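Chemist: Coordinates only, no sequence provided:
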């Protein structure tokens, strides 16, 4: 719905947790929410005016659909609607506008009218119930009848500060608290499903986070994790600028394996990661550490081990997924938008002994740790890389020597996806070799031949190209994955 100038007005409703706050707190929360709304519109490239009211936030724009798509992901918004405003001075004006907006929509269909007055006053001397009765009577002759339980069309009207807002849909928001009202912390992330979902859960409670990644898998693992966390930051962190702290744990891992008993590796590794997160949290004046751990999911996450791991820091450790099942976590990742990216991030579990301890006692673990050189961890933390995730290019792998944006002549193209994905679409002439088979086969590749590898997002292809180069093979990965490759193919095909 739009006016004569092509403008649409979006009505944003506050989360129940915001609207019930005491007045000073509510004022603070709404101020932050308005900042976040403006940031979301800016990020989406939508020109708009944002007006703050006690009960609602009103956004005026010519790009209602694009604005709604971004604003539904702003924490603190309960729901929103693209509306057509009209006068609420008299009942007759409201009904006349309602007939104009909804008469064609209800033709031949079962309908209901839902009208409500927002606020404590009714300037026209009528209430929402009066509008429902009067407008329903006017729409009834063209409809298939009134159905209050399961209508095909619902004519919705909100009466607010002298204006009647007409709309047909409520777009649900994420509710929660505005990001930036819940303090600051850090989240330990790995690129998998769990840590991204755990971070999102804290963002929804208003907590700003930086992300700490303890890298055990080299540049390609870091690339995959950056992609996952960039998706979270760019889609959900309006009003905030999360930073990605990449701590190289290669030397820490070597020291751990050389100096400690294998059965305690996983527990000690988690404690070292907590210390890295603690150091970053202290630097950024954070107050908590977030992890994606769930009880019993792996051997290091028994209650005894979690207690021993937690003793590594005095910071509170927030584990929002502690009681979640894996399938629930994956569904949440799908909702957030990180699931397809996390699905292709390899699990780097080089420190998994045959018989890991499930009941590691704190005193024993501390004795094991005492054998290690603490300076190695301190150096890794001091030399960490830091990225602004909302500014980083997710298609820039940082591996320019391994990348290509075109297919060289006479190169062998290898599709690393599954057989089903290959059969659905593949680059013309490409060979299919799924990831597991490729890992077995690549040492026998021809050293005189150039190979161009591609996969869903470019992570697995970059990883394999890196390994091939280490063996003297000519491996390149196609930058941007199948999306970029298909775009090139479309552009090369005559219309």
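Modeler: Received, thanks. Keep in mind that what you see is a predicted model, and the values were worked out from it rather than measured.

Chemist: Reduced to three states, what does residue 344 come out as?
Modeler: With DSSP: H, G, I helix; E, B strand; the rest coil as the basis, residue 344 sits in coil.

Chemist: per-residue confidence for it?
Modeler: pLDDT, residue 344: 75.

Chemist: how near is it to residue 89?
Modeler: 58 Å (Cβ to Cβ, to the nearest Å). (C-beta placed from N, C-alpha, C; glycine too.)

Chemist: Compare those two (neighbour count), which wins?
Modeler: Of the pair residue 344 and residue 89, residue 344 is the one with more neighbours under other Cβ atoms under 10 Å, namely 20 against 13.

Chemist: In this structure the more buried one contacts residue 458, no?
Modeler: No. If you go by Cβ atoms under 8 Å, residue 344 and residue 458 don't touch, sitting 9.1 Å apart.

Chemist: helices and strands of the protein: which one bottoms out on pLDDT?
Modeler: helix 481-492 (a mean of 81; mean pLDDT, DSSP states H and E).

Chemist: And the contacts of it?
Modeler: 395, 405-406, 417, 425, 427-428, 454-458, 461, 478 (Cβ atoms under 8 Å, 6 or more residues apart in numbering).

Chemist: Mind giving me the PyMOL select for those, buried ones only?
Modeler: To isolate the buried members of those in PyMOL, using 16 or more other Cβ atoms under 10 Å:
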select buried, resi 395+417+427+454+455+456+457+458+461+478
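
Chemist: biggest separation within the contacts of helix 481-492, which pair?
Modeler: For the contacts of helix 481-492, the maximum inter-member distance is 22.8 Å, found between 395 and 428 (Cβ to Cβ).

Chemist: Now render the contacts of helix 481-492 as JSON lines, adding secondary structure, pLDDT and distance to residue 330.
Modeler: Output for the contacts of helix 481-492, formatted as JSON lines (DSSP: H, G, I helix; E, B strand; the rest coil; pLDDT from 0 to 100; distance: Cβ to Cβ, whole Å):
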{"residue": "395", "secondary structure": "coil", "pLDDT": "68", "distance to residue 330": "25"}
{"residue": "405", "secondary structure": "coil", "pLDDT": "87", "distance to residue 330": "32"}
{"residue": "406", "secondary structure": "coil", "pLDDT": "88", "distance to residue 330": "36"}
{"residue": "417", "secondary structure": "coil", "pLDDT": "90", "distance to residue 330": "19"}
{"residue": "425", "secondary structure": "coil", "pLDDT": "93", "distance to residue 330": "25"}
{"residue": "427", "secondary structure": "coil", "pLDDT": "92", "distance to residue 330": "29"}
{"residue": "428", "secondary structure": "coil", "pLDDT": "90", "distance to residue 330": "34"}
{"residue": "454", "secondary structure": "strand", "pLDDT": "92", "distance to residue 330": "25"}
{"residue": "455", "secondary structure": "coil", "pLDDT": "88", "distance to residue 330": "20"}
{"residue": "456", "secondary structure": "coil", "pLDDT": "80", "distance to residue 330": "16"}
{"residue": "457", "secondary structure": "coil", "pLDDT": "75", "distance to residue 330": "17"}
{"residue": "458", "secondary structure": "coil", "pLDDT": "75", "distance to residue 330": "22"}
{"residue": "461", "secondary structure": "helix", "pLDDT": "85", "distance to residue 330": "24"}
{"residue": "478", "secondary structure": "strand", "pLDDT": "90", "distance to residue 330": "27"}
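
Chemist: Closest one to residue 290 out of the contacts of helix 481-492, please.
Modeler: Taking Cβ to Cβ as the measure, residue 290 lies nearest residue 457 of the contacts of helix 481-492, at 24.8 Å.

Chemist: just to revisit the earlier point, now the least confident helix or strand of the chain, how far from the centre of its chain.
Modeler: Centroid displacement of helix 481-492 relative to its chain, using Cα atoms, centre = their mean, to the nearest Å, is 26 Å.

Chemist: give me the low-pLDDT residue ranges for this structure?
Modeler: The chain contains residues with pLDDT under 70 at 1-5, 120-124, 346-354, 395-400, 492-495.

Chemist: So what are the structural domains in it, by residue number?
Modeler: Listed by automatic domain parsing, the domain ranges of the chain are 8-172, 184-388, 400-492.

Chemist: Check these for me and report the most buried one.
Modeler: domain 184-388 (a mean of 19; mean count of other Cβ atoms under 10 Å).

Chemist: how far is that one from where the chain is centred?
Modeler: The answer for domain 184-388 is 17 Å, by Cα atoms, centre = their mean.

Chemist: for the chain, longest helix please?
Modeler: Counting by DSSP state H, the longest helix found in the chain is helix 23-43.

Chemist: Now do the helix or strand just after it: which elements does it pack against?
Modeler: Counting by DSSP states H and E, the next helix or strand C-terminal to helix 23-43 is strand 48-52. Here strand 48-52 touches helix 23-43, strand 56-61, going by 3 or more Cβ pairs under 8 Å, 6 or more residues apart in numbering; DSSP states H and E.

Chemist: Dihedrals phi and psi, residue 196?
Modeler: phi -70, psi -40 (degrees, to the nearest 10).

Chemist: Not counting sequence-adjacent ones, nearest residue to it?
Modeler: Counting by Cβ to Cβ, 6 or more residues apart in numbering, residue 196 lies nearest to residue 338, which is 4.4 Å off, once chain neighbours are set aside.

Chemist: Show the contacting residues for the one you found.
Modeler: Contacts for residue 338 (Cβ under 8 Å, 6+ apart) come out as 193, 196-197, 200, 228, 231-232.

Chemist: What is the three-state secondary structure of the residue of the chain most remote from its centre?
Modeler: Taking Cα atoms, centre = their mean, the residue of the chain most remote from its mean C-alpha position is residue 141, at 47.0 Å. Of the three states, residue 141 takes helix under three-state DSSP.

Chemist: so where do the helices sit in the stretch 51-200 of the chain?
Modeler: 64-71, 91-106, 128-139, 193-204 (DSSP state H, counting those that start in this stretch).

Chemist: out of the ones you listed, nearest to residue 35?
Modeler: Ranking these by proximity to residue 35 (Cβ to Cβ) places helix 64-71 first, at 13.2 Å.

Chemist: contacting residues around the closest one?
Modeler: Here helix 64-71 has contacts from 1-2, 8, 10, 12, 37, 40-41, 43-46, 48, 59, 61, 77, 80, 82, 171, 173, 238, using Cβ under 8 Å, 6+ apart.

Chemist: one more time with 6 Å
Modeler: 8, 10, 40, 44, 46, 59, 61, 80, 82, 171 (Cβ atoms under 6 Å, 6 or more residues apart in numbering).

Chemist: Stretch 306-326 now?
Modeler: With contacts defined as Cβ under 6 Å, 6+ apart, stretch 306-326 is touched by 194, 198, 201, 267, 270-271, 274-275, 278, 288-295, 329, 360, 362, 365.

Chemist: again, but for stretch 108-128
Modeler: With contact meaning Cβ under 6 Å, 6+ apart, stretch 108-128 is reached by 55, 88-91, 131-132, 135-136, 143-145, 147-148, 151-160, 162.

Chemist: Mind checking what secondary structure the residue nearest to the spatial centre of the chain has?
Modeler: In the chain, the residue lying closest to the centroid (Cα atoms, centre = their mean) is residue 232, at 2.9 Å. Following three-state DSSP, we place residue 232 in the helix state.

Chemist: so who does it touch?
Modeler: By Cβ under 6 Å, 6+ apart, residue 232 lies in contact with 196, 338.

Chemist: could you redo the last one with a cut-off of 8 Å?
Modeler: Going by Cβ under 8 Å, 6+ apart, residue 232 touches 196, 199-200, 203, 242, 336-338.

Chemist: Next: residue 477.
Modeler: Residue 477 is in contact with 397, 399, 402-404, 452-454, 458, 461-462, 464-465, counting by Cβ under 8 Å, 6+ apart.
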